[in-house]
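Participant: Please work out how this folds:
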Amino acid sequence: MVKGITRQVILVKSPDPRLFEEAIFIVKEEALAREGVSADRVLKEARQAADGYLKQGRAWNRRLERLPGPVWGAAGALLASLGWTVWLLLL
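Facilitator: From the prediction side, this is the model:
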C-alpha cells in the first residue's frame, strides 16, 4: 500500500491479449524533468520494453515447440528413471 505519494504511470496495452491486458510502468520523477526527454519518448521506451518482454517469451516457446515428440518422450522417461533411482537409493 502506498500512502501520500503521487506517481506518474504509463499503461501500455498488450499486443497479445491472450497473455495479459496491459503493462504498468512507474515513471521516475526526474525522468520527465531532464532536458530532451519528452512524454512521447518515455511512452516509446515503455512500449519497446513491453514488446521486448513478449518477444523474449515467444522465442523460448518457439525453441521448445521445435523439439519433436519422441525427444519429449525420451526426456520424460529419463527423468522418471532418475526419480525412481534416487527414490530406491534413499530407501
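Participant: where in this structure is pLDDT low?
Facilitator: Counting by pLDDT under 70, the chain shows low-confidence ranges at 1-6, 15-16, 19, 31-32, 54-62.
Participant: now the strands for it?
Facilitator: 8-13, 22-27 (DSSP state E).
Participant: can you put these in CSV and add distance to Arg47?
Facilitator: Placement of C-beta: from N, CA and C, glycine included. Converted to CSV, the strands of the chain look like this (distance: least, C-beta to C-beta, whole Å):
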stretch, distance to Arg47
strand 8-13, 6
strand 22-27, 9
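Participant: Which of those strands sits closest to Leu91?
Facilitator: Of all the strands of the chain, it is strand 22-27 that lies closest to Leu91, at 49.2 Å by C-beta to C-beta.
Participant: Give the burial count for Ala50, as a bare number.
Facilitator: Neighbour count for Ala50, taken as other C-beta atoms under 10 Å: 20.
Participant: nearest to Leu89, of the strands of the chain?
Facilitator: strand 22-27 (46.7 Å).
Participant: Ala23: how many residues sit nearby?
Facilitator: Neighbour number of Ala23 under other C-beta under 10 Å is 17.
Participant: ok, it touching Leu43?
Facilitator: No - Ala23 is beyond contact range of Leu43, at 11.9 Å (criterion: C-beta atoms under 8 Å).
Participant: Pull up the overlap in contacts between the two.
Facilitator: Val12 (C-beta atoms under 8 Å, 6 or more residues apart in numbering).
Participant: Not counting residues beside it along the chain, what's closest to the spatially most central residue of the chain?
Facilitator: Central residue of the chain (C-alpha atoms, centre = their mean): Tyr53, 4.9 Å from the mean position. Nearest residue to Tyr53, sequence neighbours excluded (C-beta to C-beta, 6 or more residues apart in numbering): Ala23, at 7.7 Å.
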